[in-house]
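Asker: Take a look and give me a structure for this.
(chains A and B)
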Amino acid sequence: MNPRTRHALEFVLDNLVWFMLLFVLVVFSIFIPNYFQLGIFANIIEASSVLGVMSIGLALVIIAGHMDLSVESVAALSAMAVGILFCSSGIGMGVQLHPEWLMVPVSLLLALAVGGLIGAFNGYLVVKVKMSAFIITLASYIWVRGLVLVISGGRSAQDLAPAIRWFGIQRLIGLPLTAWIAIACFVVFSLIMAKTPFGRHLVMIGGNETATFRAGIRVNRNLIIAFVLAGAIAGLAGWLLAIRTSGATANLGVGLLFNAFAAVVIGGVSLKGGVGTLPGVYAGVLLLSAINTAINLMGLPANFTQVIHGLLVLAAVLLDAFKQTIRQRLA
Amino acid sequence: MSEPLLVLDNVTKNYGAIEALKGISFSIGKGEVVALLGDNGAGKSTLVKIIAGGLEPTSGRMLFEGKEFLARSPAEAKAAGIETVYQDLSLCTNVDVVANFFMGREITRKVLGIPVLDERAMEAVVGKALASAGTRIPSLRTNVEHLSGGQRQAIELNRFVHWGGKLVLLDEPFAALGVEQTRRGLDMIRQVAKQGIGVVIITHIMQQAFQVADRIVVIRQGVVAGDVARNKTSPDAVINMITGETLAGAGPAG
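Answerer: Modelled structure (predicted):
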């Protein structure tokens, strides 16, 4: 095999999920009436912003060789915290700040801080106390959701302050600002993972933690940062979720975790750690969103989505194994 | 012997009730190659990990360049100038050759105050280092998982030659190498020693020890069972020390 075909083949393998996305979009556009229009594509991007942001944090931790099951609950808690403070009806306290725009940074910082703190708690237990990330974050998944129920009393907050809502309403080139925030997150974190020593170290820690420790990389510090980032990003996802629903309910975001896992796996991130890129994860998120939109347009009962997502995850894992065998032939 | 670089003074290591090291004392001079020999479980690897910062000793002290020394982490040992090549390779197979070569020491340039990896500069350095050592790897951008065992070990050996430092610890570095590569590896060790770097090499192969070492230290059941200059001993005598038939030359280095 000459180097050029080899390079071309490796390029396709590295970006397989983007080709899948393209393929799916073309097929849907041809066979589903009304699928091919800008509004639909904008909607696909818009609908994937919360899931997309959440998947970034999850992917970071998985690439570093660990796991964070708590992201969904953390997002819900952040959303609830923002909702209780800045919503004007339901359990909302309707806190007003002057000038009004001040509510934006305050609510955002609150959401990030709530997420970051839980992330730090998870990270500390996993790294310093050396407990399994799966168990620790499963516990957080449960108790953080419990906390949401406790502070809300099972009720909901509605009518988020208009200054914050503005991000969900104001559009730029056909997309609401919330969608742009998600896209910006993908760009920033993709660059961090691919171009900075920190990102490189996370990938290497996921590949061989002992080797990185021996090489003098501060493994514990990097891992705790990864958990804090995952928490803070989940907090951001919660903030976006609160804007999207103009408030918060006690069961906000239930089921997002499994979609985030699906997106991450479909995006080419290996659960074994050390493998995967964030652009791939974004393609995975868009792919899920494109399929959801198709199901809606075809008028299928929404219950089909879950079946299809599950099959898609299976397909992604099989595809990953297949890619591995091709790569071994290439080497 | 030249000025001592590292002195170990009665270093012990216990795992619970098990005494892995019962009190090890010897020293390594600048530019000296010491072969560390001993049967399986004698405590060689434990000792290397203690010097390299992977394990903390239970008691005893170490002097590095005349100063009290204890590495609490590999990062501290590296900062002091101690490089280690481990028996089980310390490579991240999920990233490419360049990333492995520079693991933890990446070249960066600042973009808007943020450190960004300078891939081109790193690739140039790796290319030069591998070429001068005569190692051929098809592409420096291939992930290490696609390389052979020999190529992997070559990367690791070239890495320590490149970074040098003051003391190099090699824990069975030639286990996956062929005859020719081993010969080249032994040459590398001599070259490194010539620059004044101290080298400790653990090996099971008597012939290698006699080819490369200035001094041979034998560890048996957690104590130094022999510490002799290479030209004053023979393979048979060393084997006797390893198996414990004699205790000739036992005790701390003079």
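Asker: so how far does stretch B:208-222 reach from one end to the other?
Answerer: Taking C-alpha to C-alpha, to the nearest Å as the measure, stretch B:208-222 stretches 23 Å from start to finish.
Asker: Distance check, A:Ala263 against A:Tyr35.
Answerer: A:Ala263 sits 21 Å away from A:Tyr35, going by C-beta to C-beta, to the nearest Å. (C-beta placed from N, C-alpha, C; glycine too.)
Asker: Check A:Phe227 too.
Answerer: 40 Å.
Asker: ok, these two, which is more surrounded?
Answerer: Between A:Phe227 and A:Tyr35, counting by other C-beta atoms under 10 Å in any protein chain shown, A:Phe227 is the more crowded of the two (30 against 19).
Asker: which SSE is the more buried one in?
Answerer: A:Phe227 is part of helix A:219-245 when elements are defined by DSSP states H and E.
Asker: chain center to that helix, what's the gap?
Answerer: Centroid displacement of helix A:219-245 relative to its chain, using C-alpha atoms, centre = their mean, to the nearest Å, is 9 Å.
Asker: Give the other helices and strands that it contacts.
Answerer: The criterion is 3 or more C-beta pairs under 8 Å, 6 or more residues apart in numbering or on different chains; DSSP states H and E, and the helices and strands that helix A:219-245 contacts are helix A:49-63, helix A:71-86, helix A:103-127, helix A:162-169, helix A:177-195, helix A:197-207, helix A:209-214.
Asker: so where's chain B shaky on pLDDT?
Answerer: The model of chain B has pLDDT under 70 over residues B:1-2, B:89, B:176, B:245-254.
Asker: Need phi/psi at the residue nearest the centre of it.
Answerer: The residue lying closest to the centre of chain B (C-alpha atoms, centre = their mean) is B:Leu169, at 1.7 Å. When read as degrees, to the nearest 10, the backbone of B:Leu169 gives phi -110, psi 130.
Asker: Output stretch B:106-113 in CSV with nothing but the alpha carbons.
Answerer: Provided in CSV are the C-alpha atoms of stretch B:106-113 (Å, rounded to 0.1, in the frame of the first residue of the first chain):
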residue,chain,number,x,y,z
GLU,B,106,6.9,18.9,25.7
ILE,B,107,8.3,21.9,23.8
THR,B,108,5.8,24.7,23.8
ARG,B,109,5.4,28.2,22.5
LYS,B,110,3.1,30.8,23.9
VAL,B,111,0.1,31.8,21.9
LEU,B,112,-1.8,34.6,23.7
GLY,B,113,0.0,33.5,26.9
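Asker: Buried residues, that stretch. List them.
Answerer: B:Glu106, B:Ile107 (16 or more other C-beta atoms under 10 Å in any protein chain shown).
Asker: Could you list the buried residues of stretch A:272-291?
Answerer: For stretch A:272-291, the neighbour count (16+ other C-beta under 10 Å) marks A:273-291 as buried.
Asker: Quick check: residues of the stretch 101-250 of chain A near chain B?
Answerer: Contact residues, the stretch 101-250 of chain A versus chain B (C-beta under 8 Å from any C-beta of the partner chain): A:195-197, A:200-201, A:203-204, A:206-208, A:210-218.
Asker: Go again with 6 Å.
Answerer: Selection of the stretch 101-250 of chain A residues close to chain B by C-beta under 6 Å from any C-beta of the partner chain yields A:Lys195, A:Pro197, A:Met204, A:Gly207, A:Asn208, A:Ala211, A:Arg214, A:Ala215, A:Gly216, A:Ile217.
Asker: model confidence over the helix holding A:Phe227, on average?
Answerer: Helix A:219-245 shows a mean pLDDT of 95 in the predicted model.
Asker: What residues sit buried inside that helix?
Answerer: A:219-220, A:222-245.
Asker: Same question for stretch A:323-331.
Answerer: So stretch A:323-331, judged by 16+ other C-beta under 10 Å, has buried residues A:Arg327.
Asker: chain center to that stretch, what's the gap?
Answerer: That offset, for stretch A:323-331, works out to 29 Å (C-alpha atoms, centre = their mean).
Asker: Determine the number of other residues adjacent to the residue nearest to A:Ala248 when sequence neighbours are not counted.
Answerer: Leaving out its chain neighbours, the residue that sits closest to A:Ala248 by C-beta to C-beta, 6 or more residues apart in numbering or on different chains is A:Gly83, at 3.2 Å. Burial of A:Gly83 is recorded as 31 neighbouring residues (other C-beta under 10 Å).
Asker: quick one, what contacts A:Gly83?
Answerer: Under the criterion of C-beta atoms under 6 Å, 6 or more residues apart in numbering or on different chains, the neighbours of A:Gly83 are A:Ala157, A:Ala242, A:Gly247, A:Ala248.
Asker: coming back round to it: what pairs with the helix or strand following the helix holding A:Phe227, parallel or antiparallel?
Answerer: Sequence-wise, the next helix or strand downstream of helix A:219-245 (DSSP H and E) is strand A:247-248. Applying DSSP bridges to the sheet, strand A:247-248 is found paired with strand A:157-160 (antiparallel).
Asker: Let me see the contact set for the residue positioned nearest the centre of chain A.
Answerer: Centre of chain A computed as the mean C-alpha position; nearest residue by C-alpha atoms, centre = their mean is A:Ser55, 1.8 Å away. Applying C-beta under 6 Å, 6+ apart to A:Ser55 gives the contacts A:Ala260, A:Ala263, A:Val264, A:Val281, A:Val285.
Asker: Can you tell me the SS state at the third one?
Answerer: This points to A:Val264. Per DSSP: H, G, I helix; E, B strand; the rest coil, the secondary structure class of A:Val264 is helix.
Asker: Could you tell me the per-residue confidence at the nearest residue to it once chain neighbours are set aside?
Answerer: Once flanking residues are discounted, A:Val264 sits nearest to A:Ala59: 4.9 Å by C-beta to C-beta, 6+ apart. pLDDT for A:Ala59: 96.
Asker: Also A:Val27?
Answerer: If you check A:Val27, the pLDDT there is 91.
Asker: residues near it, how many?
Answerer: By other C-beta under 10 Å, 12 other residues sit near A:Val27.
Asker: how close does it sit to A:Met80?
Answerer: The gap separating A:Val27 from A:Met80 is 39 Å, by C-beta to C-beta.
Asker: can you check A:Ala237 too?
Answerer: Distance check for A:Ala237 against A:Met80: by C-beta to C-beta, it reads 13 Å.
Asker: now do B:Met188
Answerer: For B:Met188 relative to A:Met80 (C-beta to C-beta), the value is 62 Å.
Asker: With adjacent residues omitted, what lies nearest to the residue in the stretch 151-254 of chain B positioned nearest to chain A?
Answerer: Proximity of the stretch 151-254 of chain B to chain A (C-beta to the nearest C-beta) peaks at B:Arg159, 9.2 Å away. Leaving aside its sequence neighbours, B:Arg159 sits nearest to B:Phe101 (C-beta to C-beta, 6+ apart; 5.6 Å).
Asker: correct me, but that neighbour touches B:Val125?
Answerer: No - B:Phe101 is not in contact with B:Val125 according to C-beta atoms under 6 Å; the separation is 7.7 Å.
Asker: which one of these two has more residues nearby?
Answerer: B:Phe101 (23 against 15).
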